[in-house]
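Engineer: need a structure here:
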Amino acid sequence: MSKKIALVAALLVLATPGGDPPAFTPRVEVHGDLARAAHVAVVVPGSDVDDQRFTATVGRMARDLHASVGRDDVAVVAWLGYRTPSGLGVDAAGGRLARAGAVALTEYVRTLPGHVHLLCHSYGSVVCGLAQPHVDDVVLLGSPGVRVDSVASGARVWAARGGRDWTRWVPSVRLGDLGHGADPVDPAFGARVFDVGDIRHDEYFREGTASLRALARIAVGETP
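Structural biologist: The predicted structure follows:
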C-alpha cells in the first residue's frame with residue numbers, strides 16, 4: 001500500500017497546472033486516396049502536438065506508415081482532432097482532454113470508408129480507450145494507461161511498449177481524475193501484446209523498425 005501511495009504522490013507532483021493554452025485548431029492530413037480506400041489507418045497522437053509541431057510529429061508518423069504499407073488501397077490519416085496535453089502537467093495526468101478527444105474521434109471515424117484501424121500513441125491511447133468506436137483494430141503504443149480496466153471492444157485490440165520507452169515507469173493507478181489506470185500491455189488487460197524491440201517512446205513509427213513493419217501489417221488487417 002505504501003508503494004501505491006508513493007506512486008500516486010508522484011502523479012500529484014507532475015500534475016502542475018500551466019498557463020492559458022493557445023487557441024486550438026483541428027488538423028487532419030490524409031496520405032493516399034481516402035475515397036477509394038479499402039483500409040484506413042488513423043494515427044492518434046499524444047502530448048505536445050499542435051499545428052506548429054504537426055508535420056514533425058503525427059504528420060511524419062502517418063507519412064512513414066503509408067510509405068511502409070505501400071498499397072494503393074490504403075489511406076493513412078494524421079488526425080489532430082483534439083487539444084493534446086502540453087508537457088507533464090495536470091492535463092497529461094488527467095482525463096479532461098482525452099474525454100473531449102474521444103468524442104471528436106468517434107464522430108470522425110463514423111465518416112470513414114472501408115476497414116478502419118486506429119493507431120494510438122502515448123496520451124492518444126487514452127483517447128482511443130475512452131472512445132471505443134466501431135473499428136477493426138485499435139493499437140495502443142507506449143500507453144500511460146487507458147482509463148478502462150480491460151478490453152471491451154469488438155475490435156482486435158493490440159498493445160506494445162518499446163524496451164526503452166519511459167512509460168514503463170508510469171504507475172497504473174487512479175486518484176480521482178489523476179492517473180490513467182490499467183496498463184494495456186499487462187496480460188490481465190486482455191490486449192494482444194506484440195514485440196516492437198528495444199525502441200524509445202518516439203520511435204514506434206521510425207523507418208526501418210520492426211515496430212513500423214508490424215503497424216503496416218495491422219493497417220491492412222493482418223497480424224504483426
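Engineer: Report the beta-bridge partner residues of the residue positioned nearest the centre of the chain.
Structural biologist: In the chain, the C-alpha nearest the mean C-alpha coordinate belongs to residue 120, at 2.1 Å (Cα atoms, centre = their mean). Beta-bridge partners for residue 120, by DSSP bridges, are residue 44, residue 140.
Engineer: can you list the weak-confidence ranges in this protein?
Structural biologist: For the chain, the stretches with pLDDT under 70 are 1-22.
Engineer: Please enumerate the helices of it.
Structural biologist: 2-14, 60-69, 90-93, 96-109, 123-131, 210-218 (DSSP state H).
Engineer: tell me the most buried of these?
Structural biologist: Mean neighbour count (mean count of other Cβ atoms under 10 Å) peaks for helix 123-131 among these, with a mean of 28. Glycine gets a C-beta too; all of them are placed from N, C-alpha and C.
Engineer: roughly how far is that one from the heart of the chain?
Structural biologist: Chain-centre distance of helix 123-131: 6 Å, with Cα atoms, centre = their mean, to the nearest Å.
Engineer: Please tell me how far residue 154 sits from residue 137.
Structural biologist: 11 Å (Cβ to Cβ, to the nearest Å).
Engineer: Now for the residue nearest to residue 118 when sequence neighbours are not counted: which residues touch it?
Structural biologist: Leaving aside its sequence neighbours, residue 118 sits nearest to residue 138 (Cβ to Cβ, 6 or more residues apart in numbering; 4.8 Å). Residues in contact with residue 138, defined by Cβ atoms under 8 Å, 6 or more residues apart in numbering, are 117-118, 120, 128, 132, 153, 155-158.
Engineer: at 6 Å what do you get?
Structural biologist: 118, 128, 155, 157 (Cβ atoms under 6 Å, 6 or more residues apart in numbering).
Engineer: between residue 154 and residue 137, which one's more packed in?
Structural biologist: Taking neighbours as other Cβ atoms under 10 Å, residue 154 and residue 137 compare with residue 137 leading, 24 against 10.
Engineer: Spatially, which residue comes closest to the more buried one, not counting chain neighbours?
Structural biologist: In space, residue 137 is closest to residue 117, 4.1 Å off (Cβ to Cβ, 6+ apart).
Engineer: How about residue 183?
Structural biologist: residue 172 (4.6 Å).
Engineer: same thing with residue 68?
Structural biologist: Take residue 68 and drop its neighbours on the chain: the residue closest to it by Cβ to Cβ, 6+ apart is residue 216, 4.2 Å away.
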